[in-house]
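Visitor: Here is a sequence together with a model predicted from it:
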Amino acid sequence: MFFGTYNHTIDAKGRTSLPVKLREALAAAGEPRIVLLRNSHSRSLLALPLSQWTELARRVSAASPFDAAMQRNVLKYVASAHEVDLDVHGRVLVPPPLREWAGLQREVVWVGMGGYIQLYDQPSYEAEMAAEIPAEQRVDFFKV
């Protein structure tokens with residue numbers, strides 16, 4: 001499980017360090033690498049453990065090629081996926097199309113979301129955190 005919020009930087013080549021706590025969680029789960037792709041809910045990236053990506057890819061590939069809504073979503077989000085390795089320093093290279101789409105500049109924020117991780121540009125993260133959640137969409141985590 002991935003938890004916590006971590007401020008990092010991304011260099012001009014697109015390298016950013018995956019926070020130690022998140023790397024430790026990956027290692028504890030026996031996950032050798034992550035897959036980065038566009039997030040369908042915000043201008044951020046999802047970082048999925050390889051096993052979770054494999055399961056998602058299996059479900060997506062089972063979808064009908066005649067389901068137009070599904071195919072549009074596959075094209076926009078799933079097709080953006082890039083499998084990435086961590087280097088010896090725990091850094092990942094975020095491919096240019098994903099950096100551009102998420103607006104990743106110098107300051108980035110890694111966010112552990114339980115079963116997956118999100119990567120935001122810091123201003124986008126701050127805007128997301130400042131936005132109110134409508135009452136009808138709020139979740140009582142003690143009742144889940």
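Guide: Now that the structure is in, tell me what you want to look at.
Visitor: which residues in this structure form helices?
Guide: With helices called from DSSP state H, the chain shows them at 20-28, 50-61, 68-76, 96-102, 122-130.
Visitor: what's the closest of the ones you listed to D87?
Guide: In terms of C-beta to C-beta, the element of the helices of the chain nearest to D87 is helix 20-28, at 11.4 Å. Backbone N, C-alpha and C define where each C-beta goes, glycine included.
Visitor: how about low-confidence regions in the protein?
Guide: 144 (pLDDT under 70).
Visitor: center of it - which residue?
Guide: What sits nearest the mean C-alpha location of the chain, by C-alpha atoms, centre = their mean, is L46, with 1.3 Å.
Visitor: mind listing what that residue touches?
Guide: With contact taken as C-beta atoms under 8 Å, 6 or more residues apart in numbering, L46 is in contact with 36-39, 116-119.
Visitor: What about the chain, which residue is the most distant from its middle?
Guide: Going by C-alpha atoms, centre = their mean, the residue of the chain most distant from its centre is F66, 27.7 Å out.
Visitor: one step back: can you add mean neighbour count and give the helices of the chain back as a markdown table?
Guide: Formatted as a markdown table, these follow (neighbours: other C-beta atoms under 10 Å):
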| stretch | mean neighbour count |
| --- | --- |
| helix 20-28 | 14 |
| helix 50-61 | 14 |
| helix 68-76 | 12 |
| helix 96-102 | 16 |
| helix 122-130 | 14 |
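Visitor: possible to save the ones you listed as CSV with distance to G14?
Guide: Below are the helices of the chain laid out as CSV (distance: least, C-beta to C-beta, whole Å):
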stretch, distance to G14
helix 20-28, 18
helix 50-61, 20
helix 68-76, 21
helix 96-102, 5
helix 122-130, 16
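Visitor: Indicate which one of these is closest to V109.
Guide: Of the helices of the chain, nearest to V109 by C-beta to C-beta is helix 122-130, at 4.2 Å.
Visitor: For that closest one, name the packing helices and strands.
Guide: With contacts taken as 3 or more C-beta pairs under 8 Å, 6 or more residues apart in numbering; DSSP states H and E, helix 122-130 sits against strand 107-114.
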